[in-house]
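Chemist: got a predicted model here, sequence first, then my questions.
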Amino acid sequence: MAVAPSLPGDAAGAASQDAMQDALAIYLYALGLVADGAPLPFRAAAFAPLPAAAGGSAGQAVAELGAVLQAAADEQRLRPMIRAADAPVQALVATLLARRREGEAYRLVLLRIGEGHALLAAAARGPLRRRPRETARAIREAEDALRRAAAALPPARPGNGAIIAATVQP
């Protein structure tokens with residue numbers, strides 16, 4: 001799924017970027033919950049404004065992630081969640097890479113998210129070779145690597161964790 005970038009300096013572009021980043025953050029948090037075997041509470045009403053804020057084909061990718069999260073909340077199954085989320089995750093990563101000009105650290109974090117998710121998706125599509133605990137461990141290792149890489153990023157915008165709490169945090 002290709003997502004067309006918008007002008008990076010305009011207010012709509014900034015709101016779109018924020019919505020895409022929020023959708024990815026929500027998904028990655030939810031992925032960790034499901035990998036740990038924890039129930040995934042998905043509050044669709046809190047997620048609902050994100051596709052419109054992202055706009056256009058980015059909004060479509062965000063909406064697809066919302067559908068994945070709803071299905072994951074209903075089924076609590078990791079492999080189908082990863083498989084279904086890969087296309088919208090890759091589309092959002094590509095769009096954010098095309099739009100952001102915040103430096104190399106941000107670009108590297110986005111690349112890690114895209115590459116890591118692609119590897120998880122490939123494993124999820126193949127025959128079951130990993131035990132659920134091994135998959136959960138691989139997700140946690142990737143999460144730890146992302147946290148270390150994210151430490152080099154500029155401070156988060158105020159309140160950006162609130163969307164995760166409102167949408168998927170138990």
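Modeler: All right, it came through fine.

Chemist: tell me who's in contact with residue 35.
Modeler: Neighbouring residues of residue 35 by CB atoms under 8 Å, 6 or more residues apart in numbering: 78, 135-136, 139-140. Any C-beta I mention is one placed from the backbone N, CA and C, and that applies to glycine too.

Chemist: same check on residue 52?
Modeler: residue 59.

Chemist: before we move on, what about residue 114?
Modeler: By CB under 8 Å, 6+ apart, the neighbours of residue 114 are 89-90, 93-94.

Chemist: so which of these comes closest to residue 46?
Modeler: residue 89 (19.5 Å; CB to CB).

Chemist: which other residues reach the host helix or strand of residue 46?
Modeler: Here residue 46 sits within helix 44-47, counting by DSSP states H and E. Under the contact criterion CB under 8 Å, 6+ apart, helix 44-47 has outside partners 23, 26, 66, 69-70, 163, 166-167.

Chemist: now the buried members of those residues.
Modeler: Restricting the contacts of helix 44-47 to buried positions leaves 23, 26, 66, 69, 163, 167, with burial counted as 16 or more other CB atoms under 10 Å.

Chemist: filter those down to just the ones in helices.
Modeler: 23, 26, 66, 69, 163, 167 (DSSP state H).

Chemist: wait, isn't the last one in contact with residue 43?
Modeler: Yes - because the distance of 5.5 Å satisfies CB atoms under 8 Å, residue 167 is recorded as touching residue 43.

Chemist: list only buried entries from the contacts of residue 35.
Modeler: 78, 135-136, 139.

Chemist: in stretch 14-34, what's buried?
Modeler: Buried residues in stretch 14-34 (16+ other CB under 10 Å): 16-34.

Chemist: so who does the residue sitting nearest the centre point of the chain touch?
Modeler: Most central in the chain under CA atoms, centre = their mean is residue 24, positioned 2.3 Å from the mean C-alpha point. Taking CB under 8 Å, 6+ apart as the criterion, residue 24 is in contact with 65, 89, 92-93, 96, 113.

Chemist: for residue 113, the count of nearby residues, please.
Modeler: 21 (other CB atoms under 10 Å).

Chemist: just the element for it, please.
Modeler: Using DSSP H and E, the element containing residue 113 is helix 104-125.

Chemist: using PDB, list the CA coordinates for that helix.
Modeler: Provided in PDB are the C-alpha atoms of helix 104-125 (Å, rounded to 0.1, in the frame of the first residue of the first chain):
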ATOM      1  CA  GLU A 104      18.900  10.300  11.600                       C
ATOM      2  CA  ALA A 105      17.900   8.900  15.000                       C
ATOM      3  CA  TYR A 106      14.200   9.200  14.100                       C
ATOM      4  CA  ARG A 107      14.800   7.700  10.700                       C
ATOM      5  CA  LEU A 108      16.600   4.800  12.300                       C
ATOM      6  CA  VAL A 109      13.800   4.100  14.700                       C
ATOM      7  CA  LEU A 110      11.300   4.100  11.800                       C
ATOM      8  CA  LEU A 111      13.500   1.700   9.800                       C
ATOM      9  CA  ARG A 112      13.800  -0.600  12.800                       C
ATOM     10  CA  ILE A 113      10.000  -0.700  13.200                       C
ATOM     11  CA  GLY A 114       9.500  -1.500   9.500                       C
ATOM     12  CA  GLU A 115      12.300  -4.100   9.300                       C
ATOM     13  CA  GLY A 116      11.400  -5.700  12.600                       C
ATOM     14  CA  HIS A 117       7.700  -6.000  11.800                       C
ATOM     15  CA  ALA A 118       8.500  -7.400   8.300                       C
ATOM     16  CA  LEU A 119      10.500 -10.100  10.000                       C
ATOM     17  CA  LEU A 120       7.700 -10.900  12.400                       C
ATOM     18  CA  ALA A 121       5.200 -11.000   9.600                       C
ATOM     19  CA  ALA A 122       7.400 -13.300   7.500                       C
ATOM     20  CA  ALA A 123       7.700 -15.700  10.500                       C
ATOM     21  CA  ALA A 124       3.900 -15.400  11.200                       C
ATOM     22  CA  ARG A 125       3.100 -16.400   7.600                       C
END
